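# A predicted structure for the sequence below; I have some questions about it.
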Amino acid sequence: MKRIVLHTKDVMIITGKSERYSRELIKKMKDHYLKKSHQYVSIKECAEYLGLKYDEVEKVLF
């Protein structure tokens, strides 16, 4: 079963950036998609936000 929820470690893998940068990026994505603090960002939303293809992001993570 594949995950659809994005975690800080996933953003670190995708971007190659630090944990702190990745947490901030997730906050920016939540603001962009008008999500509340308890809601998650999906991997598809992250790919769209970063301007990447979902398939490429999926290959890197799984």
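Received the coordinates, thanks.
# these two touch, right, residue 45 and residue 34?
No - the pair residue 45 / residue 34 is not scored as a contact, 11.3 Å apart, by Cβ atoms under 8 Å. Backbone N, C-alpha and C define where each C-beta goes, glycine included.
# which other residues reach the lowest-mean-pLDDT helix or strand in the chain?
Ranked by mean pLDDT, DSSP states H and E, the weakest helix or strand in the chain is helix 54-61, scoring a mean of 93. For helix 54-61, the external contacting residues (Cβ atoms under 8 Å, 6 or more residues apart in numbering) are 10, 13-14, 43-44, 46-48, 50.
# repeat that for stretch 28-38.
Here stretch 28-38 has contacts from 39, 41, 45-46, 49, using Cβ under 8 Å, 6+ apart.
# need the contact list for residue 41.
Applying Cβ under 8 Å, 6+ apart to residue 41 gives the contacts 5-6, 26, 29-30, 33, 35.
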